[in-house]
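A.B. asks: Need a 3D model of the following:
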Amino acid sequence: MQLAPPVRTCVGCRQRATASELLRVVAIEREAGQFSLMPDPARRAPGRGAHLHPVPACLVLAERRRAFGRALRVTGVLDIGTLNEAIPGGDG
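C.D. replies: Numbers count the residues shown, from 1 in each chain. Just a heads-up that it's a prediction; the model follows:
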């Protein structure tokens, strides 16, 4: 019996997809109340993660909806510079 692959929801477009189709994102605290969003393609980083389609449109939607803060349960300033560089066609 083969298990079904894990399914996650994209924080940008809210569509469900297999975890392998989505990019896991984690928040790393740099200073008190300031976090950097880091891609976790190996899905091994500790802590809570959010999942995102690796396309600029979903990143823009997630930013506009402030979905990362809710999904990762962090408050404060979220820096998406590193995440933007990791997404093909992003601003980075």
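A.B. asks: Could you name the helices and strands sitting against the longest helix along the chain?
C.D. replies: Ordering each helix of the chain by length in residues (DSSP state H) puts helix 56-64 first. For helix 56-64, the packing partners by 3 or more C-beta pairs under 8 Å, 6 or more residues apart in numbering; DSSP states H and E come out as strand 49-52. C-beta here means a position set from N, CA and C on the backbone, and glycine is covered the same way.
A.B. asks: packing partners for the strand it packs on?
C.D. replies: Judged by 3+ C-beta pairs under 8 Å, 6+ apart, strand 49-52 is in contact with strand 23-31, helix 56-64, helix 67-72.
A.B. asks: pLDDT averaged over the shortest one - what is it?
C.D. replies: The average of the pLDDT scores along helix 67-72 is 95.
A.B. asks: Ok, the first one next?
C.D. replies: For strand 23-31, the mean pLDDT works out to 93.
A.B. asks: so what strands line up beside that strand?
C.D. replies: strand 34-39 (antiparallel), strand 49-52 (antiparallel) (DSSP bridges).
A.B. asks: quick one: contacts for residue 27?
C.D. replies: 35-38, 47-48, 68, 72, 74, 78 (C-beta atoms under 8 Å, 6 or more residues apart in numbering).
A.B. asks: bridging residues for the residue nearest to the spatial centre of the chain?
C.D. replies: Ranked by distance to the mean C-alpha position of the chain (C-alpha atoms, centre = their mean), the top residue is residue 25 at 3.3 Å. Taking DSSP bridges as the rule, residue 25 bridges to residue 39, residue 50.
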